[in-house]
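>>> Got a predicted model here, sequence first, then my questions.
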Amino acid sequence: MEPHRIVSRDEWLTARKAHLAEEKAFTRARDALSRKRRELPWVKVDKAYAFDGPNGKETLADLFGNKNQLIVYHFMLGPDWEEGCPSCSLLADHFDGAAIHLAQRDVAFVVVSRAPLPQIEAFKRRMGWHFKWVSSFGSDFNYDYQVSASPQEKAAGKVMYNYELTEFPSEERPGASVFYKNAAGEVFHTYSAYGRGLDILIGAYNLLDIAPKGRDEEGLTYTMAWVRHHDRYDGAAVDANATYEQPAKDSCCD
């Protein structure tokens, strides 16, 4: 870490207020960008998608429950994977706390992976999560929303991701997609984000951004190389028990 200038409290306040002006400008710019996001046109979803979930077979419309808005997180867990992606797991550690609040604003939240449901539920139990997680195995859903590589893409060596043709090291890719269901039961795709567009979902990153060393990822082989499943960090069991109560085991990326 680079040495920092040490100043008086008055000098610090002058610098902090100048930076606050930039932070406020950034906040206003982000609000404007969010408003433009909500003004994007929609696409009607006509394809029938089927998911395997805790309630049996469900359609995309079923995933809304009694809500009009649906946020889907595309979690990287392929059909033959032994465990989920560590980076996606970092995001997922934030989901349970948010889902109950989203429900108060007419938003359903669901995680979707291509792995079969028993595989999903086993990993979910291991991680102690409670959010709804369904399988799109056998469906075109992951391919249509550019979070799984089709056989053709694998053969070509490049995939469509984040709205451009690019190389990606895994057959599964992270993302978030948003949908709206009207009173007639029609479903519309309103938004999807990938790559760094998912940063805003990572509360831990937002906290690191205000810490003196920031994300401290310079020099790593890739930005999230430090991330582990929360039960795989050194001393994880001791640290976790010291800060919050773990849910019962039987209850229920870059």
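Ah, there it is.

>>> pLDDT below threshold where in this structure?
236-254 (pLDDT under 70).

>>> what ranges do the strands span in it?
43-44, 50-53, 56-59, 69-74, 107-113, 133-135, 159-161, 164-166, 175-181, 187-193 (DSSP state E).

>>> need these in JSON lines with mean neighbour count and distance to Gln146, can you?
The C-beta positions use only the backbone N, C-alpha and C, and glycine is treated the same way. Shown next, in JSON lines, are the strands of the chain (neighbours: other Cβ atoms under 10 Å; distance: least, Cβ to Cβ, whole Å):
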{"stretch": "strand 43-44", "mean neighbour count": "10", "distance to Gln146": "14"}
{"stretch": "strand 50-53", "mean neighbour count": "19", "distance to Gln146": "18"}
{"stretch": "strand 56-59", "mean neighbour count": "12", "distance to Gln146": "21"}
{"stretch": "strand 69-74", "mean neighbour count": "22", "distance to Gln146": "9"}
{"stretch": "strand 107-113", "mean neighbour count": "23", "distance to Gln146": "13"}
{"stretch": "strand 133-135", "mean neighbour count": "24", "distance to Gln146": "18"}
{"stretch": "strand 159-161", "mean neighbour count": "19", "distance to Gln146": "5"}
{"stretch": "strand 164-166", "mean neighbour count": "10", "distance to Gln146": "10"}
{"stretch": "strand 175-181", "mean neighbour count": "21", "distance to Gln146": "7"}
{"stretch": "strand 187-193", "mean neighbour count": "17", "distance to Gln146": "8"}
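
>>> Can I get the ones you listed in a markdown table including distance to Ser87?
Shown next, in a markdown table, are these (distance: least, Cβ to Cβ, whole Å):
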| stretch | distance to Ser87 |
| --- | --- |
| strand 43-44 | 28 |
| strand 50-53 | 23 |
| strand 56-59 | 27 |
| strand 69-74 | 12 |
| strand 107-113 | 14 |
| strand 133-135 | 17 |
| strand 159-161 | 15 |
| strand 164-166 | 17 |
| strand 175-181 | 12 |
| strand 187-193 | 15 |
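
>>> closest one to Trp81 among those?
Taking Cβ to Cβ, strand 107-113 is the member of the strands of the chain nearest to Trp81, at 8.9 Å.

>>> Could you figure out how far that closest one is turned away from strand 175-181?
Strand 107-113 runs at 140 degrees relative to strand 175-181, counting by axes from the mean of the first three to the mean of the last three Cα atoms, to 10 degrees.

>>> Measure how far strand 107-113 is from the centre of its chain, please.
Its chain's C-alpha centre and that of strand 107-113 lie 10 Å apart, by Cα atoms, centre = their mean, to the nearest Å.

>>> now for that strand, which elements pack on it?
Strand 107-113 sits against strand 69-74, helix 95-103, strand 133-135, with contacts defined as 3 or more Cβ pairs under 8 Å, 6 or more residues apart in numbering; DSSP states H and E.

>>> and those as CSV, adding distance to Ala225?
Below are these laid out as CSV (distance: least, Cβ to Cβ, whole Å):
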stretch, distance to Ala225
strand 69-74, 21
helix 95-103, 23
strand 133-135, 26
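
>>> Among the ones you listed, which comes closest to Val7?
Checking these against Val7 by Cβ to Cβ gives helix 95-103 as the closest, at 37.6 Å.

>>> Now do that closest one: everything it contacts.
Helix 95-103 has contacts (Cβ atoms under 8 Å, 6 or more residues apart in numbering) with 67, 71, 73, 108-109, 111, 129-132.

>>> ok, now stretch 146-162?
So stretch 146-162 is in contact with 74, 76, 78, 114, 142-143, 165-168, 171-175, 192, 194-195, 197, going by Cβ under 8 Å, 6+ apart.

>>> Would you mind saying which of the helices and strands packed on strand 107-113 lies nearest Ala50?
Among the helices and strands packed on strand 107-113, strand 133-135 comes nearest to Ala50, with 9.7 Å by Cβ to Cβ.
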